[in-house]
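Asker: Got a sequence here, can you model it:
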Amino acid sequence: SQVGACHALSYGLSFILDVHHGIGCCIAFDQLEEFYPEGVAEFKAMMERHQIELPRNITTSLNDDEMDRMISVALALEPLWENCLGSNWRELMTPERARKLYERM
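Answerer: As a prediction, this is how the structure comes out:
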């Protein structure tokens, strides 16, 4: 099976910020409650139980060009978005929506 949104967003983090893909997946997944409500709730409970702190505010110093490139990398991974959101994923995951997700990371 294909992976979805957190992997696509993690690739953007890795490409621009050199974040390790596994850590990037965690940073991204932490912001994807609207797509994976039960999974994110379980993830947050696991982090709290094991006292895991994720890096925060890692995108605040990016300029517009870096943010746009990060969004382009993530949105170029079409099979991942289609797996997560379906064939009309482009209507659901716009560059603006991806930017808002990245800004929360």
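
Asker: what's residue 20 sitting at in phi/psi?
Answerer: Here is the backbone geometry of residue 20 (degrees, to the nearest 10): phi -60, psi 140.

Asker: Next: residue 73.
Answerer: Recorded main-chain torsions at residue 73 are phi -60, psi -50, according to degrees, to the nearest 10.

Asker: thought it was touching residue 12?
Answerer: Yes. Checked against CB atoms under 8 Å, the pair residue 73 and residue 12 is within contact range at 4.4 Å. (Glycine included, C-beta is placed from N, CA and C.)

Asker: For the two, indicate the residue with more neighbours.
Answerer: Legend: neighbour count by other CB atoms under 10 Å for residue 73 and residue 12, higher for residue 12 (27 against 17).

Asker: Who are the contact partners of the more buried one?
Answerer: Residue 12 is in contact with 70-71, 73-74, 98, 102, counting by CB atoms under 8 Å, 6 or more residues apart in numbering.

Asker: Pipe these into a markdown table and attach pLDDT and distance to residue 85 per row.
Answerer: Written out in a markdown table, the entries for the contacts of residue 12 read as follows (pLDDT from 0 to 100; distance: CB to CB, whole Å):
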| residue | pLDDT | distance to residue 85 |
| --- | --- | --- |
| 70 | 98 | 19 |
| 71 | 99 | 16 |
| 73 | 98 | 17 |
| 74 | 98 | 13 |
| 98 | 98 | 12 |
| 102 | 99 | 17 |
